[in-house]
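only geometry, no sequence info:
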């Protein structure tokens, strides 16, 4: 699983929510709910790494710092 998270955004929360909603194809209300506590905030999870990378790139190009977390790598590094 690949998690897309955003962090350290510098724009107004309303503007960030609007951009996230646009990029994810959802409504602003839902995006605001995801980021309401500040960052980092998990936006989505994907089985396909490419989908996660596309969303992350799109958000980053719009000025919202985003990253992909590969949960398999996290699990394997915690087992060491």
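Ah, there it is. Please read all numbers here as calculations on a predicted model, not as lab measurements.

Could I get the average pLDDT for stretch 9-22?
Stretch 9-22 comes out with an average pLDDT of 95.

And it, what's buried?
Neighbour counts over stretch 9-22 (16 or more other Cβ atoms under 10 Å) mark 9, 16, 17, 18, 19, 20, 21 as buried. For every residue, glycine as well, the C-beta is placed using N, CA and C.

got it, and stretch 67-75?
For stretch 67-75, by 16+ other Cβ under 10 Å, it's residue 68.

Quote the end-to-end distance of it.
End-to-end span of stretch 67-75 (Cα to Cα, to the nearest Å): 17 Å.

Report the distance from that stretch to the chain centre.
Stretch 67-75 has its C-alpha centroid displaced from the chain centroid by 13 Å (Cα atoms, centre = their mean, to the nearest Å).

what does stretch 1-15 give?
For stretch 1-15, the distance to the chain centre is 6 Å (Cα atoms, centre = their mean).

Ok, stretch 65-74 next?
10 Å.

now the end-to-end length of that stretch.
So stretch 65-74: terminal residues 20 Å apart, Cα to Cα.

did I read that right, residue 67 in a helix?
No. Per DSSP: H, G, I helix; E, B strand; the rest coil, residue 67 lies outside any helix segment and is strand.
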